[in-house]
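> show me the folded form of this:
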Amino acid sequence: MRNFEGISRIWIFIKDPNKKSFFKIIKEVLVLIVKKREFPFYYFKYIYRKEVTNYLDYLSAGEMNKIGNSKILHKPEYNSLIGNKLFFTLFSEKSSIKTPKLISYNIGRSFCLSNRIIEVSTLKGVIIFIENVFNELNIEELFFRPPLGYAGKGCFKLTKKNLEKELEAYYLTILNGHFVHTEVVKQHSEINKIHSSSVNTLRLITLITSTNSIEIISAFMRFGVGKSVVDNSSSGGFFVGINLEDGTLKKTGHYLLEFGGKEISKHPDSSFKLAGFKIPFYKEACEIVISATKVIPDRLIGWDVAITNEGPLIIEANLGPHLPMSNIAYGGMLKNEHVKQLMQELKAMK
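Coordinates of the predicted model:
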């Protein structure tokens, strides 16, 4: 049972009224053991539910590990470029990748603004620096992200209106850490109708196939809940699959198991119905990640894309595209022919 991440997750499975019958679960688990050659602990995170009939189409934990650990999918020279948000943002400014504007950044107590390095060590010093940023650039907000952070952890927003109060909570975090400071993305008005407190991003996963074509193999959208400024499912939000052909949302939103594993059809705050929502600039979002993949030709990348009233922006790239969420959002990644071919390619590498 150690493969379950906590007793609470086991309890969610036991109490779930939507699980298949005991005998069906036993039968499917036995089939998966034979077919996948591993015990399917991953089955008990989602696939045990009644609506999942194509259980063999879901990537197993072993198959996801094989993809994640494959040396043919990731070039070492791209690791720091993709994995470090500061490097990625600086690179994007010099290339054709459209990202939120880099305003400033700090590496510990060394702050950089417009190619000027300023040493800051006190609350007053941080206040003066950020006030200068607001005044020089005539902006009202600034978004902070740690360069090596993930899943929205460590992100926060500072505002001109409440700067001193906000910095009382964050200034030591800033001085003792490293942060990328970017413009605050103004989300598309149609998406704001669903949830406006966070920028709700698309996760588009690109794969460069063995024949060198670039394909989008999975897409889903993350939504924040409550007053959270991040949308990540790993931070308490939920995700919804996207129909690849037309850019509409599927009918069901999913919380990760550690947040209850609940399935929803409406946003819990706005009660906005998810099914069929047409994502603005979806075609353009697909085009910019394909173009970005040509600039950074790593074979498997998860791109986070925000949609503004003017079009899509790439927020960041991810070496780990979160295959478990993709598996659920797509309805079994092995239904995708490109993923099937990838697994055959990896198997042949033995």
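> so which residues of the chain form strands?
102-107, 110-113, 116-119, 141-145, 156-159, 178-182, 202-208, 214-223, 238-242, 249-254, 263-264, 300-308, 311-318 (DSSP state E).
> for Val240, give the beta-bridge partners.
Met221, Gly253 (DSSP bridges).
> count the neighbours of it for me.
23 (other C-beta atoms under 10 Å). To be clear about C-beta, it is placed using only N, CA and C from the backbone, and glycine gets the same treatment.
> make sure it is actually in contact with Ala219.
No: counting by C-beta atoms under 8 Å, Val240 stays clear of Ala219, with 10.0 Å between them.
> joint contacts of the two?
Any residue near both Val240 and Ala219 by C-beta atoms under 8 Å, 6 or more residues apart in numbering counts here, and that gives Ala329.
> there's contact between Ile242 and Leu249 in this structure, I believe.
Yes: counting by C-beta under 8 Å, Ile242 touches Leu249, with 6.2 Å between them.
> which one's more surrounded, those two?
Ile242 (25 against 21).
> now the more buried one, nearest residue through space, not along the chain?
Among residues not flanking Ile242 along the chain, Ala219 sits closest, at 3.9 Å (C-beta to C-beta, 6 or more residues apart in numbering).
> common neighbours of Ile242 and Leu249, please.
221, 279.
> outline the domain layout of this protein.
7-57, 76-97+188-348, 102-182 (automatic domain parsing).
> and of those domains, who's closest to Lys66?
domain 76-97+188-348 (5.4 Å; C-beta to C-beta).
> between the two ends of that closest one, how far is it?
Domain 76-97+188-348 stretches 22 Å from its first residue to its last (C-alpha to C-alpha, to the nearest Å).
> what's the average pLDDT for it?
For domain 76-97+188-348, the mean pLDDT works out to 94.
> same check, this time on stretch 9-20
The model assigns stretch 9-20 a mean pLDDT of 87.
> can you give me the helices in the protein?
Counting by DSSP state H, the chain has helices at residues 7-15, 22-36, 61-68, 76-83, 85-94, 123-137, 163-175, 189-192, 282-295, 323-330, 337-348.
> what's in contact with the third one?
With C-beta under 8 Å, 6+ apart as the test, helix 61-68 has contacts from 36-38, 40-42, 59, 73, 300, 320, 323-324, 327, 342-343, 346.
> list only buried entries from the residues you listed.
36, 40, 42, 59, 73, 300, 323-324, 327, 342-343, 346 (16 or more other C-beta atoms under 10 Å).
> how about those residues in a markdown table, adding distance to Gln187?
Written out in a markdown table, the entries for the buried ones among the contacts of helix 61-68 read as follows (distance: C-beta to C-beta, whole Å):
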| residue | distance to Gln187 |
| --- | --- |
| Lys36 | 40 |
| Pro40 | 38 |
| Tyr42 | 33 |
| Leu59 | 31 |
| Leu73 | 32 |
| Leu300 | 27 |
| Leu323 | 26 |
| Pro324 | 26 |
| Asn327 | 27 |
| Leu342 | 33 |
| Met343 | 36 |
| Leu346 | 37 |
